[in-house]
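In: make a model of this:
(one chain, ligands or ions: 1)
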Amino acid sequence: MVIDHRPTAAFPEHLRELAARFPLERSLREDPLSCVRAYRGDRRSSEIAGVFASTLAIGNTTAIRGAFARLVAMAGGDLSAWVDGLDRSAWRTSLGGFRHRWLRGDQMGYLGWRLHALYETYDSLEEPFLEGMASEGGGFAAGLDHLAHALRSQPGDRTRGPPGYDHLFPSPVDSARSPCKRLTLFVRWMARREYPDLGLWTRVSPADLRIPLDQHVYWIAYHLGLTQRKSKSWPAVEDVTESLRRIDPSDPVKYDFVLCHTGISGDCPKERDIAVCGPCSVRPDCLLWRGRRAS
Ligand code: SF4
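Out: The predicted structure follows:
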């Protein structure tokens, strides 16, 4: 059964209040973005750190940050220099027995090799993204598709990626089933101008960004009525982004960090618990409290 649930007319104010009260610095310390921000003085190093950190963004934030730190250590402490120094054979063994969930060292090594090759053509990964955006029928999805294909094994390249590698970079053009969270998150980090994002991509407008729809953002977005879809997918990404665009057309993913970390931090119990939900600014909009009073 489809539940037609929409947020209240006062939702924009409720969301602003949620963000105003949110302990941003506490959550930023936990977020993989903190790993990338360490490189913010240099665009290329930030992009390389961002691609790896977003690709590793599976599981809890402590494990992701730990995996990123291990990867940097195995790469000799300088990811950018490691990418520069890779050759056609070194990628396979360069990261030895690195493992994070189902991700393997050979896959991360091949990603380093693809980045090495891409930086021989482009100054920045913003360029392949923009090429996609500017293509026929373009837009954000086409930009993401172009970037995903650039990171995958290249047709005709005699050095192919290891098993499972290309699946790490889904595209919304190839299939609408995936929300393509990790690459969408990478683009948010690079292109959104406001803190805590880096704003290093100056030719991609924040107005064009899409929400990185992970399980936490999807749960709260669904319960706030920002999408009616029953599962994460690219159409759900478009729904949630469109709902948030009505609040701020110039920066529709402005509240992504807050929505995501409200779930990660446990600030939202994902069930009706008056002790936690009582002071929650978006409780009037929450499906779990529809038709219910707090007392
Ligand atoms: S009211 Fe409770 S369950 Fe709903 S979003 Fe707020 S904290 Fe989460």
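In: quick one: distance of stretch 174-191 to the chain centre.
Out: If you compare the mean C-alpha spot of stretch 174-191 with that of the full chain, they lie 6 Å apart, counting by Cα atoms, centre = their mean, to the nearest Å.
In: how many other residues sit next to Gly132?
Out: Residue crowding around Gly132 was assessed by other Cβ atoms under 10 Å; the count is 23. Glycine gets a C-beta too; all of them are placed from N, C-alpha and C.
In: so it sits against Leu125, correct?
Out: No - in this structure, Gly132 sits apart from Leu125 without contact. The criterion is Cβ atoms under 8 Å, and the distance is 11.3 Å.
In: now do the shared contacts for the two.
Out: Taking Cβ atoms under 8 Å, 6 or more residues apart in numbering as the contact rule, Gly132 and Leu125 both touch Leu147.
In: got a pLDDT number for Met133?
Out: As summarised for this prediction, Met133 has a pLDDT of 96.
In: ok, it - how many residues close by?
Out: By the criterion of other Cβ under 10 Å, Met133 has 22 neighbours.
In: if I read this right, it contacts Ala141, doesn't it?
Out: No - look at Met133 against Ala141 with Cβ under 8 Å: they stay out of range, at 9.2 Å.
In: so which residue is dead centre in this protein?
Out: For the chain, the residue nearest the mean C-alpha position is Leu185 (1.8 Å; Cα atoms, centre = their mean).
In: so that one: helix, strand or coil?
Out: Per DSSP: H, G, I helix; E, B strand; the rest coil, the secondary structure class of Leu185 is helix.
In: now it: how far from Asp256?
Out: Applying Cβ to Cβ, to the nearest Å, one obtains 8 Å for the distance of Leu185 from Asp256.
In: for Glu194, same thing?
Out: Remark: distance between Glu194 and Asp256 (Cβ to Cβ) = 11 Å.
In: who has more neighbours, these two?
Out: The neighbour count for Glu194 versus Asp256, taken as other Cβ under 10 Å, is higher for Asp256 (25 against 11).
In: spatially nearest residue to that one (excluding sequence neighbours)?
Out: Across the structure, with Cβ to Cβ, 6 or more residues apart in numbering as the measure, the residue nearest Asp256 apart from its sequence neighbours is Ile211 (5.4 Å).
In: residue contacts, the one you found?
Out: Listed by Cβ under 8 Å, 6+ apart, the contact partners of Ile211 are 184, 217, 221, 237, 240-241, 244, 252-253, 256.
In: nearest to Thr262, of those?
Out: The shortest gap between Thr262 and any of those belongs to Val217, at 9.2 Å (Cβ to Cβ).
In: moving C-terminal from the worst-scoring helix or strand of the chain on mean pLDDT, which element do we reach first?
Out: Counting by mean pLDDT, DSSP states H and E, the weakest-scoring helix or strand in the chain turns out to be helix 91-94, with a mean of 90. The C-terminal neighbour of helix 91-94 among helices and strands, as given by DSSP states H and E, is strand 99-100.
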